[in-house]
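S.K.: return atomic coordinates for the entry below.
(one chain, ligands or ions: 2)
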Amino acid sequence: MDNRFLIQQHALELGFDLCRIARSRALTEHRERLTQWLDSGEYGGLQYMQRNLDKRLDPSLLVEGTRSIVVCAIGYKRGPVPNPLMNHMASYAWGKDYHLVIREKLRQLLQYIQQLCPGSSGRVFVDTAPLLEKAWAVEAGLGWIGRNTLLIHPELGSYLLLGVVLTDAELSPDTPMQGGCGSCRRCIDACPSGALGEDRMLDARRCIARRTVEACSAEEEGDLHGWLFGCDACQRVCPYNLHAPESVHPEFAPLPELCSMTPQDWLSLTETEFRQRFHETPLERCGLERLQHRIRTFLEKH
Ligand code: SF4
Ligand code: SF4
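M.R.: Numbers count the residues shown, from 1 in each chain. Ligands and ions are numbered 1, 2, ... in the order given. Down below sits the predicted model:
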């Protein structure tokens, strides 16, 4: 049986919703756009984006000998919850830190690939390396890039978390998928800070997801339009997401310790309690002080 089929089957058994494969190559067609974005300043001071441009475009410079890129995705769509503050946080932050969950699943997938292809080696990546994950997802046929600049799968929408295995095993690649946004532009209209351009370019300086998640001062954060951590405004309106099924993965279910938090609980929480409750969640990265400041501002306005 074809190794590609076996790998994809195993990825589903490990809990991924999607798994497809691309042949490694230098994505030279992305260089001009990426350089333009960096030169325009729209990268919003994300220093890591400026580094390792060549590596970012060519996975074989990141991991020598890479022949195949295995791209996996998990859907995390969840409906509104009865906790008003949580509905002002990006829904990926309601559960466990996806980096930890996905990295473990990818490690198991890599081990399986090594069993199927003896002598092969590889590495796994979740969001932390200079790698164009979304471009590889498109190349592998997981979907296309929507006007919200996110990967869209026709059935699962854009609430997708991606993980990638780079391997020197020669695997037969999948083909890219046809699809697109048509004349829809709901995400552009819904973005509260005007961060989405007409050309599928994100102005990270304006994007609330960037401003609330990356390290920056309260002044730099600016007007968050009611968002406390991350922002789902451009995803909530996307018709593909409206029709997507709810995620079935328990790792990304809303954490009971978050669901039970009232505004007063948040404001009286100590650093020690915060670390105990939200260790290994996306909120940990933000820190309690910033969250409390945003919650106070939110309560004053609402
Ligand atoms: S995450 Fe929010 S601020 Fe960023 S592009 Fe989407 S709607 Fe705009
Ligand atoms: S809201 Fe419309 S334009 Fe935006 S990503 Fe979804 S389908 Fe595309």
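
S.K.: return the helix or strand in this structure with minimum mean pLDDT.
M.R.: helix 218-221 (a mean of 74; mean pLDDT, DSSP states H and E).

S.K.: which helices and strands sit right next to that one?
M.R.: helix 208-213, helix 288-301 (3 or more C-beta pairs under 8 Å, 6 or more residues apart in numbering; DSSP states H and E). C-beta coordinates here come from the backbone N, C-alpha and C atoms, glycine included.

S.K.: try 7 Å this time
M.R.: Applying 3 or more C-beta pairs under 7 Å, 6 or more residues apart in numbering; DSSP states H and E, we find helix 218-221 packed against no helix or strand.

S.K.: just the C-alphas of that helix, formatted as PDB.
M.R.: Only the C-alpha atoms of helix 218-221 are listed here, as PDB (Å, rounded to 0.1, in the frame of the first residue of the first chain):
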ATOM      1  CA  ALA A 218      -0.300  48.900  27.000                       C
ATOM      2  CA  GLU A 219       0.200  52.100  24.900                       C
ATOM      3  CA  GLU A 220       1.300  50.100  21.800                       C
ATOM      4  CA  GLU A 221      -1.700  47.800  22.300                       C
END
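
S.K.: just the buried positions in it, please.
M.R.: Glu221 (16 or more other C-beta atoms under 10 Å).

S.K.: what's the following helix or strand after it?
M.R.: helix 233-236 (DSSP states H and E).

S.K.: what's near enough to touch Gly143?
M.R.: Ala137, Leu151, Ile152, His153, Pro154, Met177, Gly179 (C-beta atoms under 7 Å, 6 or more residues apart in numbering).

S.K.: can you tell me the SS state at the last one?
M.R.: Remark: Gly179 carries the secondary structure label coil [criterion: DSSP: H, G, I helix; E, B strand; the rest coil].

S.K.: quick one: the least confident helix or strand of the chain near ligand 1?
M.R.: No - Helix 218-221 lies apart from ligand 1 when judged by C-beta under 6 Å from any ligand atom; the minimum separation is 12.2 Å.

S.K.: lowest pLDDT pick from the contacts of Gly143?
M.R.: Minimum pLDDT for the contacts of Gly143 is recorded at Gly179 (89).

S.K.: any idea how far that one is from Ile145?
M.R.: Distance of Gly179 to Ile145, given as C-beta to C-beta, to the nearest Å: 10 Å.

S.K.: out of those two, which sits in the busier spot?
M.R.: Ile145 (17 against 14; other C-beta atoms under 10 Å).

S.K.: burial count for the residue in the stretch 1-150 of the chain that ligand 1 sits nearest to?
M.R.: Using C-beta to the nearest ligand atom, Asn148 is the residue of the stretch 1-150 of the chain that sits closest to ligand 1, at 6.0 Å. Asn148 is surrounded by 26 other residues when neighbours are defined as other C-beta under 10 Å.
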